[in-house]
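In: Next come a sequence and a model predicted from it.
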Amino acid sequence: MAVTLDPSSLSNPHQAILTHLSWEATVDFTSRRFLAKAKYTVKIFSDCDSLRLDTSELDIHSVSVDGTPVAFSLGVPDKSKSHLGSCLEIALPPSLGKTATVLITYATTRNCSATQWLPPQQTAGKKYPYVFTQCQAIHARSLLPCMDCPSVKMTYDACVTVPSWATCVMSALSQTKTSTTDTNTYTFSQPVPIPSYLFALAIGELSSRDISQRCRVWSEPSMVENVAYEFGQVEEFVKVAEGLTMEYQWGRYDILCLPPSFPYGGMENPCLTFVTPTLLAGDRSLADVVAHEAAHSWSGNLVTNETWEHFWLNEGWTIFLQRKIMTKIHGDPKFFDFDAISGWEDLKDSVKEMPDKYTKLIPDLGDGDPDDAFSSVPYEKGFNLLYSLEKLVGADTFAEFTKAYFDEFKFGVINSQKFRSFFEEYFKNNSCVMKFDWDTWLYKPGMPAIPNFDRTLSSACESLADAWLSVNGDATKIPKTDISGWSTSQKICFLDALMSKCTDREQPLPMSTVSMMKTAYSMHETRNAEVLHRFCMISIESGDASIIPVVVRFITTQGRMKFVRPLYRALFLSEMGKDAAVATFLKHRNFYHPVCAKMLAKDLKLDQVQDAKKSTTHFQKHLLIGAMMAATSAIAIALLRSKRR
Ligand SMILES: CC/C=C\C/C=C\C[C@@H](O)/C=C/C=C/C=C\[C@@H](O)CCCC(=O)O
Ligand SMILES: [Zn+2]
């Protein structure tokens, strides 16, 4: 297999490639570590005297090749690219044949960025600890030495030993469970080759409910009935997706609903999607995230972006399929554009927020950390590229192309050039196709031209936004529209339109209007996280301090980055909320997943405080150390203030 060099990996898949992993691990909740063995089948291509693997913060104990201990070295991480970790270089004896078995014994450490270890208080049951992993994009290397690049796909089996009260689930098919008085040992098999970022496990007190023959939901026991109801449509989602693409290839499609600090809406771990409990609105209104994760069973998991620079091919396609699935479920063809309008608003926010280099569909990641490049751009700009192609060739033909695409690239990898060539070849007899401006779409930063979306379903929401905008302190102008029967999507569309119009006018909604809206709709009390998030954003921007306790509660009871990052940033930028933002983060830092904590520290400029600490004079250092010993959040606030002065 030809392999592209990946800027996000230190491994050498062009010389030797991993084809199968046997992972054996024991979890230790006391030391918060996995004690593990990774045994790889390696295919060696040419004259290759060493195997290079990605690692990050691992304790490597020993390495053997075909049963014989060999020399290995662990590189020193490059400070300017610390996200890449350390290269584990393993000497390959010259006598090796075309394949070899490499066995690495190691332990993870407290600095493992792929895991979050939850104390019992952070679980619903409050009795037992919990651990889960999140490897995308390049955190698998902190869980196991591997070729942490999406172009390397391998099958795996695993054997995991956990305490007797615990259940282990993985991104694979469950095989056996054996128990002793103190332990349960689970085995798993993933017979479809997967990239390292899809390696996943969770261990905790778990229960499950079957939804259909191939779909089951998992969660902590007290939540499992709610989870089963919320995601009860999952079998339909998978069936509709099969109709759009091809037969489901992974055997099972299960869902694990995690504790609230899970940092993403969902993660498409094969056979077992991980989701945030912020989807539990009680009315299935946020289940489109499950449709999204189910769609990844084809786009991303079966046809995988070759490097993270082509991430739009994972996410743009997935959003496209998600919208097709949800349109079928809603039964109204106009839903597709209605939902695309909502995505367009997300795209505008990301383009405003991100540096130009990360608003290109193919960003130049260079030495950049993929976590820094992450935004709605690959999702929504990617979707809009596909939407434009669909409009160009017509929906029926594009539907046929979709099937041909997944069939052509299944079990393999894709990049933007291959995608373009396949599209052009498929439509070579269609003259319009040659006029498509690929270069602008793929390489130009910023917003694409706005498509001519069908606004039939969004116009009432947009009109209501206009009506609220014209209130301007005059209570007699409060709109009479009764929105109590509106769907969540309509409320979201209304709030997005309101925010977008305020941005266009470069003026926040007046505080008096926000206060009238609060009385009219009580959105500050909703249990729907998407609606609450938007209402909190509008309120912060209007300067309404009464929203601060609501925001603080929201950002300290769930850790989904989509919500916590913009809310922390908005608070931090506001005069009224700056100190609350820093104090809240410092107090609750351990609640968040390590990646979320890293990103929030950057958002709140606390990483600069860290850097400043490193470069202070001796005297300043003493002051700083003294202050640190007091260990209060006020210290960081004071530091920030003195920096501001
Ligand atoms: C162009 C960007 C290049 C690489 C970024 C790839 C991954 C970055 C990383 O930060 C991981 C992302 C994981 C995402 C998982 C699930 C998302 O679909 C969730 C979307 C947001 C949400 O709904 O909460
Ligand atoms: Zn996705």
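Out: Cool, got the structure. Ligands and ions are numbered 1, 2, ... in the order given.
In: which residues are in contact with stretch 447-466?
Out: Here stretch 447-466 makes contact (CB atoms under 8 Å, 6 or more residues apart in numbering) with 332, 334-335, 337-338, 340-341, 344, 347-348, 351, 381, 384-385, 387-388, 391, 440-441, 479, 481, 483, 490-491, 493-494, 497-498, 501. Every C-beta, even on glycine, is put in place using the N, C-alpha and C of the backbone.
In: and residue 247, how many neighbours?
Out: Neighbourhood size, residue 247 [other CB atoms under 10 Å]: 5.
In: for residue 454, same thing?
Out: Count around residue 454 with other CB under 10 Å applied: 16.
In: How about residue 79?
Out: 6.
In: How about the one 5 residues further on?
Out: A count of nearby residues for residue 84, using other CB under 10 Å, gives 21.
In: Once you drop chain neighbours, what's closest to it?
Out: Of all residues not flanking residue 84 in the chain, residue 10 sits nearest, at 5.7 Å (CB to CB, 6 or more residues apart in numbering).
In: how far away is the one you found from residue 18?
Out: 14 Å (CB to CB, to the nearest Å).
In: among the contacts of stretch 447-466, which ones are buried?
Out: Buried by 16 or more other CB atoms under 10 Å: 335, 337-338, 340-341, 344, 347-348, 351, 381, 384-385, 387, 441, 479, 483, 490-491, 493-494, 497-498, 501, out of these.
In: pull the helix or strand with minimum mean pLDDT from this structure.
Out: helix 618-630 (a mean of 36; mean pLDDT, DSSP states H and E).
In: can I assume residue 309 is in contact with residue 7?
Out: Yes. Applying CB atoms under 8 Å, one finds residue 309 in contact with residue 7, separated by 7.5 Å.
In: So for the two, which residue has more residues nearby?
Out: residue 309 (23 against 17).
In: now the more buried one, what's its secondary structure?
Out: Look at residue 309: counting by DSSP: H, G, I helix; E, B strand; the rest coil, its state is helix.
In: phi, psi of the closest residue to residue 603 other than its chain neighbours?
Out: In this structure, residue 603 finds its nearest non-sequential neighbour in residue 569, 5.1 Å apart by CB to CB, 6+ apart. Main-chain torsions, residue 569, degrees, to the nearest 10: phi -60, psi -40.
In: Could you tell me how far residue 569 is located from ligand 1?
Out: To ligand 1, residue 569 is 15 Å away according to CB to the nearest ligand atom, to the nearest Å.
In: what about that residue, neighbour count?
Out: Per other CB under 10 Å, the neighbour tally for residue 569 reads 17.
In: Tell me how far it lies from ligand 2.
Out: With distances taken as CB to the ion, to the nearest Å, residue 569 is found 22 Å from ligand 2.
In: before we move on, what about residue 396?
Out: Applying CB to the ion to residue 396 and ligand 2 gives a distance of 26 Å.
In: can you check residue 367 too?
Out: Here the criterion is CB to the ion. By it, residue 367 lies 25 Å from ligand 2.
In: swap in residue 591?
Out: Using CB to the ion, residue 591 is found at 24 Å from ligand 2.
In: residues touching that residue, list them.
Out: Here residue 591 is in contact with 122, 261, 556, 559 (CB under 8 Å, 6+ apart).
In: Quick one: residues contacting the nearest residue to the last one once chain neighbours are set aside.
Out: Take residue 559 and drop its neighbours on the chain: the residue closest to it by CB to CB, 6+ apart is residue 261, 3.9 Å away. For residue 261, the contact set (CB under 8 Å, 6+ apart) comprises 116, 118, 122, 558, 559, 591, 592, 593, 596.
In: Recalculate using a threshold of 6 Å.
Out: The neighbourhood of residue 261, defined by CB atoms under 6 Å, 6 or more residues apart in numbering, consists of 559, 591, 593.
In: How many residues are close by residue 308?
Out: Neighbours of residue 308 (other CB under 10 Å): 24.
In: where does the stretch 501-645 of the chain dip in pLDDT?
Out: Confidence mapping of the stretch 501-645 of the chain against pLDDT under 70 gives the ranges 609-645.
In: Adding secondary structure as columns, could you present the contacts of residue 591 in JSON lines?
Out: Formatted as JSON lines, these follow (three-state DSSP):
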{"residue": "122", "secondary structure": "helix"}
{"residue": "261", "secondary structure": "coil"}
{"residue": "556", "secondary structure": "helix"}
{"residue": "559", "secondary structure": "coil"}
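In: now, the most widely separated pair of these?
Out: Farthest apart among those by CB to CB are 122 and 556. That separation is 11.4 Å.
In: Helix, strand, or coil at residue 17?
Out: strand.
In: in terms of contact, does it touch residue 45 like I think?
Out: No. The criterion here is CB atoms under 6 Å, and residue 17 misses it with residue 45 at 7.2 Å.
In: Between the two, point out the one with more neighbours.
Out: With neighbours defined as other CB under 10 Å, residue 17 and residue 45 compare such that residue 17 has more, 22 against 14.
In: bridging residues for that one?
Out: Beta-bridge partners recorded for residue 17 (DSSP bridges): residue 43.
In: how far away is the residue in the stretch 201-350 of the chain positioned nearest to ligand 1 from residue 364?
Out: Going by CB to the nearest ligand atom, ligand 1 is nearest to residue 265 of the stretch 201-350 of the chain, at 2.5 Å. Taking CB to CB as the measure, residue 265 falls 27 Å from residue 364.
In: Fine by me, thanks again.
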